[in-house]
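In: return a 3D structure for these sequence lines:
(one chain, ligands or ions: 2)
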Amino acid sequence: MVTLPLEGGCQCGALRYRVSLAPVMVYNCHCTNCQKIGGGGFSTPVTILEQGFSFVAGTPQKVECTSDAGNRRFGWFCGACGSRIAHGQTPSIGVLSLRGGTLDDTSWVEPVGDIWTRSAQPWVTFPPGRLTTEQQPADYAPFVAAFQAQGRFAS
Ligand SMILES: [Zn+2]
Ligand SMILES: [Zn+2]
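Out: Ligands and ions are numbered 1, 2, ... in the order given. Got it, this is the predicted structure:
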């Protein structure tokens with residue numbers, strides 16, 4: 001079992017955050033925005049409840065963009081080192097996409113599926129049995145259920 005709160009921060013340590021509520025799900029996102037933002041093949045967002053998230057050191061900078069699905073999104077990042085910490089939506093949908101790699105303890109961060117596979121890099125392979133959607137999932141319920149089945153957090 002993973003103990004709450006979760007803590008993490010940016011590469012240089014100026015920006016630190018705390019997550020006080022159990023995450024909702026973890027997946028990989030292969031959208032073109034994530035490829036640009038992270039400079040790699042995909043991102044590994046940890047979906048968390050907005051009300052359980054707070055910065056405990058530093059003040060984030062904010063950038064806005066339009067997602068591949070056409071939603072208005074914002075990103076919080078460290079103005080000193082540039083690390084992207086989390087993304088949210090405007091208007092709020094109640095959850096944030098925390099960049100999984102910014103957590104202090106990433107040992108439990110295991111994606112249950114892959115989204116936006118239509119823009120995945122050609123060398124990426126998807127393990128059998130893992131959830132996949134070509135674009136934005138119409139319904140995240142299977143992802144949430146698969147994450148709960150991992151049993152990482154007390155419910
Ligand atoms: Zn930093
Ligand atoms: Zn993405």
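In: average pLDDT for stretch 50-58?
Out: In this model, stretch 50-58 carries a mean pLDDT of 98.
In: oops, could you answer that again for stretch 123-143 instead?
Out: In this model, stretch 123-143 has a mean pLDDT of 95.
In: middle-most residue in the protein, spatially?
Out: What sits nearest the mean C-alpha location of the chain, by C-alpha atoms, centre = their mean, is Pro45, with 1.8 Å.
In: can you pull the pLDDT of the residue nearest to Gly151 when sequence neighbours are not counted?
Out: Distances taken as C-beta to C-beta, 6 or more residues apart in numbering put Met1 closest to Gly151, at 8.0 Å, once the chain neighbours are dropped. All C-beta atoms are positioned from the backbone trio N, CA, C, and that covers glycine. For Met1, the pLDDT comes out at 92.
In: now Ala154
Out: Reported pLDDT for Ala154: 87.
In: once you drop chain neighbours, what's closest to it?
Out: The spatially closest residue to Ala154, leaving aside those adjacent along the chain, is Met1, at 5.9 Å (C-beta to C-beta, 6+ apart).
In: number of nearby residues for the one you found?
Out: Under the neighbour criterion other C-beta atoms under 10 Å, Met1 is assigned a count of 8.
In: correct me, but it touches Arg152?
Out: Yes: contact criterion C-beta atoms under 8 Å: Met1 and Arg152 qualify, at 6.9 Å.
In: if we can go back for a sec, tally of neighbours for the residue lying closest to the residue nearest to the centre of the chain once chain neighbours are set aside?
Out: Leaving aside its sequence neighbours, Pro45 sits nearest to Ser97 (C-beta to C-beta, 6+ apart; 3.8 Å). Number of residues near Ser97 (other C-beta under 10 Å) recorded here: 20.
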